[in-house]
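Undergrad: quick one, fold the following:
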Amino acid sequence: MNKLFYKDKPIIGLDISSTDMKLMSIDLHKQQVLGYGNIDLDPLRIKKAFDEDDNYLSESLRSMLDSKLVGSLGSDQVVLGIPTSRTFSRTFTVPLSAEKTLADAVAIEVSQYIPLPMSLLYVDYEVIERNDKVLTVIMSAVPKKLVDNALASCEDAGLTVNMIEPAINAVARVLKLTEEGHLPTVIVDIGAANTDIAVLDGSVRITGGIGTGGNTFTLDIAKKLSVTLENAHQLKVLNGLAPGARQEKLTAALRPSLRGIITETRKVIRYYNERLSNDRRLEQVLVVGSGSNVPGIGEYFTNELVMPARTANPWQQLDFGQLPQPAKQFRSRYITVAGLSNVQKGAMWK
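TA: Below you'll find the model as predicted:
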């Protein structure tokens, strides 16, 4: 894609996930939110819209712009976030002497580790570290159909996409700015339906994930305690894993799903430690996302991973000015679009 960045205009962050679509526009000079919006999506219809010819993406985007926008956007220039679970990212090393044939090395990685032929993928890569012996390269690939359909929906809505990236990269950008993200960090982004996991060490080095999210927690509580989904949600966000009369029952209800997330997080940590760390030690775990609003979840990750963990709250850096702010329980869902709209012009990918 061409680098089309107009420095006098704000960038719109647009995040499309498997359960909703969100956008945000920020004046980077003032760190002030100009506008934001959110619309829920049908998970089955959005999956079809990613993989086939379908109007659902365009219809949903136009509906959000027409009726769900708070404030204004001030631009038509977009940085687009796509589901991390639909992308493929790997970090690998090659000898310094192979720099001239790096594209060939990337093609080999794609053929060995990605379950789709290269002809069906858009592939990008970047050298993120070098010494006198080896290059460290990060490679990302995404299905062409997904990207083409997302681009078409933006064009149909009168928006120009400048850059596309996995949602976890946008989350990492916010955490680098606000939560001591310069430290080697494990990010656990618990969304509504999926959890994305990454190691941030200067850049995102490795990603993983699991099909468990905040909605799963609610269902677990409803089933285990025989309560309605509404009551289960209230128990999740008000009591969660925190000490109290309900702690034992709620912890028992949530434990199987949380163990799945912990197991996947350990896999990502192990891969980083064995192949990528260069003796750098992981310093912290940051739990974010709409499914992170469970009291006590930071302490749970601290105990399970034996590493300092906490729920990250980057909102202190954003000024909503005169705009009505999202309700407290919904603010965490905007972390990805905040990261997308914080892209500096020098970071635009080719």
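
Undergrad: would you mark the buried spots in stretch 39-53?
TA: Neighbour counts over stretch 39-53 (16 or more other C-beta atoms under 10 Å) mark 39, 41, 46-47, 49-50 as buried. Every C-beta, even on glycine, is put in place using the N, C-alpha and C of the backbone.

Undergrad: which member of these is positioned nearest Arg205?
TA: Phe50 (25.9 Å; C-beta to C-beta).

Undergrad: tell me the contacts of that closest one?
TA: 57, 86, 143, 145-146, 149-150 (C-beta atoms under 8 Å, 6 or more residues apart in numbering).

Undergrad: export the buried residues of stretch 39-53 to JSON lines and tack on distance to Pro308?
TA: Formatted as JSON lines, the buried residues of stretch 39-53 follow (distance: C-beta to C-beta, whole Å):
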{"residue": "Ile39", "distance to Pro308": "36"}
{"residue": "Leu41", "distance to Pro308": "35"}
{"residue": "Ile46", "distance to Pro308": "36"}
{"residue": "Lys47", "distance to Pro308": "37"}
{"residue": "Ala49", "distance to Pro308": "40"}
{"residue": "Phe50", "distance to Pro308": "37"}
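
Undergrad: name the nearest of these relative to Asn131.
TA: Distances from Asn131 to those, taken by C-beta to C-beta, are shortest for Phe50, at 39.2 Å.

Undergrad: quickly find the element holding that closest one.
TA: According to DSSP states H and E, Phe50 maps onto helix 43-51.

Undergrad: kindly report the same for Arg173.
TA: Element membership for Arg173 (DSSP H and E) is helix 167-178.

Undergrad: tell me what that helix is packed against?
TA: strand 12-16, strand 77-82, strand 185-190, strand 195-201, strand 203-210, strand 284-288, helix 335-340 (3 or more C-beta pairs under 8 Å, 6 or more residues apart in numbering; DSSP states H and E).

Undergrad: repeat that with 7 Å
TA: With contacts defined as 3 or more C-beta pairs under 7 Å, 6 or more residues apart in numbering; DSSP states H and E, helix 167-178 has these neighbours: strand 77-82, strand 185-190, strand 195-201, strand 203-210, helix 335-340.

Undergrad: could you dump those to CSV with distance to Arg280 and mean pLDDT?
TA: Output for those, formatted as CSV (distance: least, C-beta to C-beta, whole Å; pLDDT from 0 to 100):
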stretch, distance to Arg280, mean pLDDT
strand 77-82, 27, 96
strand 185-190, 11, 96
strand 195-201, 6, 95
strand 203-210, 10, 92
helix 335-340, 23, 91
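
Undergrad: please identify the deepest-packed of those.
TA: The highest mean neighbour count among these, using mean count of other C-beta atoms under 10 Å, belongs to helix 335-340: a mean of 28.

Undergrad: contact partners of it?
TA: With contact meaning C-beta atoms under 7 Å, 6 or more residues apart in numbering, helix 335-340 is reached by 13-15, 22-24, 79, 81, 167, 170-171, 173-174, 288-289, 314, 318.

Undergrad: can you pull the contacts of Tyr125?
TA: Applying C-beta under 7 Å, 6+ apart, the residues near Tyr125 are 106, 137-139.

Undergrad: let's see that with 8 Å instead.
TA: 102, 106, 137-140.

Undergrad: next secondary structure after the helix holding Phe50?
TA: Later in the chain than helix 43-51, the nearest helix or strand by DSSP H and E is helix 56-67.

Undergrad: in the helix or strand following that next one, what's buried?
TA: Later in the chain than helix 56-67, the nearest helix or strand by DSSP H and E is strand 69-71. Using 16+ other C-beta under 10 Å as the test for burial, strand 69-71 gives 69-71.

Undergrad: and the helices in the stretch 201-350 of the chain?
TA: 214-225, 229-238, 247-271, 297-305, 335-340 (DSSP state H, counting those that start in this stretch).

Undergrad: looking at these, which is nearest to Asp201?
TA: helix 247-271 (11.7 Å).

Undergrad: and the closest one, how far out from the chain's middle?
TA: 19 Å (C-alpha atoms, centre = their mean, to the nearest Å).

Undergrad: can you list the buried residues in it?
TA: Neighbour-count burial for helix 247-271 [16+ other C-beta under 10 Å]: 250, 253-254, 257-258, 261-262, 264-265, 268-269, 271.

Undergrad: do stretch 230-249 as well
TA: Buried, per 16+ other C-beta under 10 Å, within stretch 230-249: 232-233, 235-237, 239-241, 246.

Undergrad: what sits up against that stretch?
TA: For stretch 230-249, using C-beta under 8 Å, 6+ apart, the contacting residues are 214, 217-219, 221-222, 224-225, 227, 250-251, 254, 293-297, 299-300, 329.
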